[in-house]
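In: give the three-dimensional model of this entry:
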Amino acid sequence: MASDQTNSRRRFAADVSRASGSSGPGPTAALAWETVLDLGEGPAPLHARLGDAVRAAVLSGRVPPGAALPPSRVLAETLGVSRWVVTEAYGQVVAEGFLESRTGSGTRVPLAAGTAPPSSRAAHDDVGTRATSSGRAGTGTRAPRARFDLGPGVPDLRHVPRAAWVRALREALAVAPDADLAAPDPTGHPATRAALATYLARARHVRAGAGDVVVTHGADDAMRRIAAALHQAGHRALLVEDPSWPRLRETAAAAGLTPVPVPVDEDGVDVDALLAASRRTGARAALVTPAHQFPTGAALSPGRREALVRWARDVDGVLVEDDYDAEFRYDRRPVAAMQGLAPDRVMLLGSLSKTMSPGFGLGWAVLPPGWLDRVVDRGGAGPSTIDQLALTRFLVSGAYERHLRASRGRFRRRREALVAALGAALPGGASVTGIAAGMHAVVTLPPGVVATDVVREAVLREVSVTAIERYRATAADGSDRETDRLVVGYGNLADARVEEAVARLAAAVRAARP
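Out: Now for the predicted structure:
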C-alpha cells in the first residue's frame with residue numbers, strides 16, 4: 001500500500017511538472033497537495049474551503065513564491081473533488097492577488113507572495129470581516145484593490161462624511177457628562193438607543209422603543225449574539241437564503257445552528273420552499289433580506305412578507321431581518337422594514353457598513369420582547385461610548401439623513417451609467433437583473449459563458465468581479481451554466497471609470513466565450 005501511494009504521488013508530481021512547463025520535479029511538483037491543502041470541515045462550500053486552504057498555504061510559505069499550482073484537473077483528482085470546485089477556488093484566489101494566471105504558464109504564486117494580504121473585495125460586514133471568499137474573517141490584512149473594482153459590498157469611500165463625523169464627535173465629547181465616560185453599558189448608551197429607535201421609526205417604519213435596541217459593533221456582531229441566543233433557546237437550525245452572503249450563515253454555524261438553504265427567485269426567498277424546509281428539519285428561525293436580497297437583487301414581495309410572518313407565528317419562531325443596504329432604493333421610496341409587520345417576531349439588524357463605511361464598526365439590533373437579556377453581551381466589550389455619542393449627534397442633527405440623500409443621488413446616477421454601459425458593451429444574450437437599489441447589479445451572461453471563466457479573464461484586464469456561485473449555500477453542479485451570472489458592484493467605483501471598467505469586463509466576457 002505504501003508503495004502504491006508513493007508511485008501515485010510520483011505520477012502526480014510528473015503530471016504537475018509537465019503541465020506547468022517545468023524541466024524537472026521542483027519543490028512545487030513534489031508537494032503532496034492533499035496534505036498541503038487541508039480542506040477541513042464546516043458548513044462552507046468546498047470551493048470556499050479550498051480557497052481558504054490555498055490562501056493559508058501561500059501566507060504560511062508552504063507554497064513558495066513563484067511556485068506553480070497543479071492544473072485544475074490534476075488537483076481535482078488528487079483532492080477527490082469536482083473540477084468546478086478547483087476552477088472556482090483558483091479564479092477567486094487569483095482575483096484576490098494570492099495567485100496569478102497567465103496563458104502558457106499556468107497558475108502560480110506571485111513572486112511577492114507571502115506579503116500579499118487577503119481579499120481585495122471589501123466587506124458587506126461592518127468591520128471588514130466579510131472579506132474572504134467564504135465570508136470568514138481573514139488575517140486582518142487586505143490586498144491592494146484591482147484598478148477597476150467591480151466587487152460588491154463597498155460604499156463610496158471617497159465620500160465618507162469625515163468632516164461631519166469629526167464635528168459630531170467633537171460636539172458630543174464636549175458636552176458629555178463625566179458619568180458617560182465610565183465603562184460602557186453593554187446594551188449601548190441610552191441616548192444612542194433612543195436616537196436609533198427614533199430614526200428607524202421615521203426612516204424604516206420600525207415599531208420599537210429605546211429599550212428594544214442594542215448597539216453593536218455591526219451586523220456580524222449582532223448575528224453572533226443572536227445566534228448564540230437562539231441556540232440557548234433550543235434552536236438547532238437556521239433557514240437561510242440561497243444564494244446569500246456567507247458571513248452571517250457561518251457566524252450562525254459557529255454558534256451551533258445548522259444553516260438550511262432555501263432558494264431565492266425574482267420575488268425574494270421562496271416561502272413555499274421555506275415552509276417545506278421548516279417541516280423537514282424542524283427549523284423555527286430564518287435569516288432573510290427582504291428589502292434587497294443579496295446577491296440576486298430581488299425585493300421580497302408583500303405577499304411573501306405576510307406569509308413569512310404567519311409562518312413565524314404558527315411555529316413560534318423568529319425572523320432575523322438583515323437590513324444592510326435598505327436605504328438605497330432608486331426607483332421608489334425605500335420599502336419599510338418587515339419588522340413593522342411583526343415586532344414580536346422579527347429581529348432587525350443594521351449598521352453603518354453600507355451607508356458610511358465598515359471602518360466605523362457601529363451597528364444595532366432591534367429585538368422582540370423577551371430577547372434583549374439573552375442577546376446582550378454582558379461579558380464582552382461594546383462599541384466605544386464616544387463613538388456612540390457621536391452617532392447620537394449625527395442622527396439627531398440630521399447629518400446622517402443628509403448624507404444618505406447625497407449617497408442615494410450619487411449611487412442612482414452611477415447605477416444608471418453602469419447599466420447603460422453594460423447594455424451597450426456586453427455581447428448579445430447578456431442582461432442586467434435586480435431592482436434599482438443598493439450598490440450592485442446582477443449580469444446574466446450569454447448562454448454557454450461560464451462566470452468563473454469571466455472572473456479569470458477579467459483579472460487579466462485589471463478588473464475584479466464576482467461570480468454569483470460564490471454566494472451559494474449549496475454547491476452548484478454545473479447543470480445551469482446557461483444562466484451563469486456575475487455580481488457587479490459599483491459602490492466604490494469612480495464615476496470616470498465606469499465606461500472603461502465595463503469595456504474591459506465586456507472584453508473578458510467575449511474572451512470567455514466557448
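
In: for residue 290, which non-adjacent residue is spatially closest?
Out: residue 300 (3.8 Å; Cβ to Cβ, 6 or more residues apart in numbering). In short, each C-beta sits where N, CA and C put it, glycine included.

In: can you report how many residues lie near that neighbour?
Out: 24 (other Cβ atoms under 10 Å).

In: tell me which helix or strand it sits in.
Out: Under DSSP states H and E, no helix or strand contains residue 300.

In: so what's it up against?
Out: Each residue near residue 300 by Cβ atoms under 8 Å, 6 or more residues apart in numbering is listed here: 267, 268, 269, 288, 289, 290, 291, 293, 308, 338.

In: what separates it from residue 37, distance-wise?
Out: 39 Å (Cβ to Cβ, to the nearest Å).

In: what does residue 249 give?
Out: Taken as Cβ to Cβ, the span from residue 249 to residue 37 is 23 Å.

In: quick revisit: pLDDT score for the residue nearest to residue 290?
Out: Note on residue 300: pLDDT of 95.

In: so how many other residues sit close to residue 332?
Out: 10.

In: try the one 4 residues further on
Out: Counted with other Cβ under 10 Å, residues neighbouring residue 336 total 16.

In: which residues sit in contact with it?
Out: 204, 205.

In: hmm, try it at 6 Å
Out: residue 205 (Cβ atoms under 6 Å, 6 or more residues apart in numbering).

In: assign a three-state SS to it, would you?
Out: Under DSSP: H, G, I helix; E, B strand; the rest coil, residue 336 falls in the coil class.

In: pLDDT at it, what is it?
Out: Per the predicted model, pLDDT is 93 at residue 336.

In: for the chain, longest strand please?
Out: strand 258-265 (DSSP state E).

In: who's in contact with the next helix or strand after that strand?
Out: Following strand 258-265 in sequence order, the next helix or strand is strand 268-269 (DSSP H and E). Residues from elsewhere that reach strand 268-269 (Cβ under 6 Å, 6+ apart): 241, 262, 288, 293, 298, 300, 304.

In: average pLDDT across the following helix or strand past strand 268-269?
Out: Sequence-wise, the next helix or strand downstream of strand 268-269 (DSSP H and E) is helix 271-281. Mean per-residue pLDDT for helix 271-281: 98.

In: likewise for stretch 66-83?
Out: 84.

In: the nearest residue to residue 491 once chain neighbours are set aside and residue 303, how far apart?
Out: Nearest non-adjacent residue to residue 491, counting by Cβ to Cβ, 6+ apart: residue 439, 3.4 Å away. Per Cβ to Cβ, residue 439 is found 27 Å from residue 303.

In: the more surrounded of those two?
Out: Using other Cβ under 10 Å as the criterion, residue 439 and residue 303 rank with residue 439 on top: 23 against 10.

In: show me the helices in the stretch 151-300 of the chain, by range?
Out: 162-175, 190-204, 219-232, 246-254, 271-281 (DSSP state H, counting those that start in this stretch).
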